[in-house]
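Enquirer: Model the structure of this input:
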Amino acid sequence: MSLIVAGERSGVGKTTVTLALLSYLKWQNLQVQSFKVGPDYIDPMFHQYVTGKSCRNLDPVLTSEVYVQQCFARNIQDVDFALVEGVMGLFDGVGFYPPSLERGVEDESGGCFPDFASTAHISRLLNVPVLLVLDCSRLSGSVAAIAHGLISFDPNINFAGLILNRVGSDRHLQLLQNSLKFINLPVLGVLRRHQNITIPDRHLGLLPTDEMPDLDNLINDLSDMAKTCFDWEKLLPLLKIQNEGSQHFLSSQVPPNNRIHFSQSNVKNVEKKKSQFLIGVARDRAFNFYYQDNLDILEELGAKIVFWSPLKDENLPAGVEGLYFGGGFPEVFAQQLSENLLMRKAIQTAIISGMPTYAECGGLMYLSQAIIDFNGKSWEMVGILPTKAVMGKSLKLGYRQAITNIDTPLLAANTQVYGHEFHRSELTEAPARNLYKMWRIDEDKNRSKATVEGWKFYQLHASYLHIHWGSRVDIPRRFINYLEEGRRKD
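Expert: Purely as a prediction, here's the structure:
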């Protein structure tokens, strides 16, 4: 078994509770694997910092339901404990028409799951009990009504217990406990208001771990708090892994849809290249939004990953044959990126010479002519794309369905993908021919609302769209094929 930390809504303290639990388990020298529901990059950074193991995203929109199950099962094989952090409120998902249902399979919802990709959905998929976090800062007797509503809403979800967060005093706790006597769930943790530990944030969420010099102190505080705030006698058995229950996920069959499913077994069957392809992955404080699964798949397909820093390095890694720019915060480090002229020139030369390159969101911004920051100051960037990225207050956020208009090193024309968009910048110019035609996934039935986005320059695929390759191994395989073709030409 394991647990999934859920909240009645966003902001109730799921991340604080999750990190406190993980910190205590690590302090006890226990091997624990963490997971994060949804497309988020920053929460998993904190998980990994605490556990020393890569946190895995569980997102059935970006991947598939089967992939979520298999990813969970694969990654708990060698650990004793597992913990999943949920997303938003327990039932907050998206109205989504999975591809299998579009092919004519009907269900009681008429084909649309209103809580698809929610914490509740993942709980049902994995059969993992919910540890429900309640923000009690402005509640007393009403807490029971909220808990009862969430617990009774879906009989297919198993609840392990409650965490009462932001409790103000002993009298406040007494009122909460009296109200909850009629709720058939144990209180497994109480976090006092004065113990409320906050993690600083900014325009796209929490501050990343690389930008927090006092993070060790924060983690120590969380671990100390966890020693006394949780009922460990009851929690530890719930967090203990029973691998027998997850073995059937590893043999699950791929649903009959148009996605190519990835699992560890079929990637390992891919014939290894005689010599590995060297892919330079930009990773530093400016670029750190990567799904670990994407990097793992590249390596399984025959690539060797070499990390390098656009902030600090003056040249690309020796022998690199392809480039991968993830998202991040180039706008925060725009001056430092701009001042590293040697690196900008090296990247420009490599891309113009035809080096296959993939850039997502922050990577796209860095490869443009300039980034104009929140103060209106312009900072010169690599200059491959004839456009500028202008920071603004408007947030573009959500899942997208996209179809490619042109061939790129990652996708052939007329290929459908699912991705996630999350940025506050806008581009000043559009390409002559856009890479994607794109819809919000809940607008799938009304494609007249399509937008266009993305660039193909030289052998560069650049877009705001973040893509998880878990169930689309064809994408990184095509990238590897481009590297192989480039090697043959040389």
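
Enquirer: Residue 149 belongs to a helix?
Expert: Yes. Counting by DSSP: H, G, I helix; E, B strand; the rest coil, residue 149 is found in a helix.

Enquirer: Quick one: neighbours of it, just the number.
Expert: Residue 149 has 10 neighbours, counted by other Cβ atoms under 10 Å. Where you see a C-beta, it was placed from the backbone N, CA and C, and this is true even at glycine.

Enquirer: mind listing what residue 434 touches?
Expert: Each residue near residue 434 by Cβ atoms under 8 Å, 6 or more residues apart in numbering is listed here: 405, 452, 453, 454, 455.

Enquirer: I'd like the distance between it and residue 468.
Expert: According to Cβ to Cβ, to the nearest Å, residue 434 stands 22 Å off from residue 468.

Enquirer: likewise residue 347?
Expert: Counting by Cβ to Cβ, the gap from residue 347 to residue 468 is 25 Å.

Enquirer: Likewise for residue 160?
Expert: On the measure of Cβ to Cβ, residue 160 and residue 468 end up 28 Å apart.

Enquirer: returning to that earlier point: now the contacts of residue 434 in TSV, please, with extra columns for pLDDT and distance to residue 481.
Expert: Below are these laid out as TSV (pLDDT from 0 to 100; distance: Cβ to Cβ, whole Å):
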residue	pLDDT	distance to residue 481
405	96	20
452	92	27
453	94	25
454	96	20
455	97	21
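
Enquirer: out of those, who's nearest residue 278?
Expert: Nearest to residue 278 out of those is residue 455 (Cβ to Cβ; 24.3 Å).

Enquirer: Just to be sure, residue 74 is in a helix?
Expert: Yes. Counting by three-state DSSP, residue 74 is part of a helix.

Enquirer: returning to what we had before: when residue 347 and residue 468 are compared, which one has more neighbours?
Expert: Counting neighbours by other Cβ under 10 Å for residue 347 and for residue 468 shows that residue 347 has the greater number, 26 against 23.

Enquirer: Nearest residue to the more buried one in space, please, no chain neighbours.
Expert: residue 382 (5.1 Å; Cβ to Cβ, 6 or more residues apart in numbering).

Enquirer: Quick one: residues contacting that neighbour.
Expert: Going by Cβ under 8 Å, 6+ apart, the list of residues near residue 382 reads 344, 347, 348, 351, 366, 367, 368.

Enquirer: do that again at 6 Å, thanks
Expert: With contact set as Cβ atoms under 6 Å, 6 or more residues apart in numbering, residue 382 has these partners: 344, 347, 348, 367.

Enquirer: Give me the three-state assignment for it.
Expert: coil.

Enquirer: Next secondary structure after the helix or strand of the chain with the lowest mean pLDDT?
Expert: Ranking every helix and strand in the chain by mean pLDDT, DSSP states H and E puts helix 264-268 at the bottom, with a mean of 45. Using DSSP states H and E, the helix or strand that follows helix 264-268 towards the C-terminus is strand 277-282.

Enquirer: Report the buried residues of that following strand.
Expert: 277, 278, 279, 280, 281, 282 (16 or more other Cβ atoms under 10 Å).

Enquirer: Any quick PyMOL command for the buried ones out of the contacts of residue 382?
Expert: To isolate the buried members of these in PyMOL, using 16+ other Cβ under 10 Å:
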select buried, resi 344+347+367
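
Enquirer: Residue 117: how many residues sit nearby?
Expert: Count around residue 117 with other Cβ under 10 Å applied: 26.

Enquirer: how far away is residue 44 from residue 83?
Expert: Counting by Cβ to Cβ, the gap from residue 44 to residue 83 is 12 Å.

Enquirer: How about residue 469?
Expert: In this view, residue 469 and residue 83 are 25 Å apart by Cβ to Cβ.

Enquirer: Next: residue 468.
Expert: According to Cβ to Cβ, residue 468 and residue 83 sit 21 Å apart.

Enquirer: And for residue 426?
Expert: Distance from residue 426 to residue 83, by Cβ to Cβ: 38 Å.

Enquirer: more neighbours, those two?
Expert: A count of neighbours by other Cβ under 10 Å puts residue 83 above the other of residue 426 and residue 83, at 25 against 15.

Enquirer: give me every residue that touches the spatially closest residue to that one that is not a sequence neighbour.
Expert: Among residues not flanking residue 83 along the chain, residue 34 sits closest, at 5.4 Å (Cβ to Cβ, 6+ apart). Under the criterion of Cβ under 6 Å, 6+ apart, the neighbours of residue 34 are 22, 47, 51, 55, 83.

Enquirer: Restricted to strands, list the residues you listed.
Expert: Using DSSP state E, residue 83 are the members of the contacts of residue 34 that sit in strands.

Enquirer: any chance of the contacts of residue 34 in a markdown table, plus distance to residue 176 and pLDDT?
Expert: Listed next are the contacts of residue 34 as a markdown table, based on distance: Cβ to Cβ, whole Å; pLDDT from 0 to 100:
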| residue | distance to residue 176 | pLDDT |
| --- | --- | --- |
| 22 | 25 | 97 |
| 47 | 29 | 97 |
| 51 | 31 | 97 |
| 55 | 31 | 98 |
| 83 | 24 | 98 |
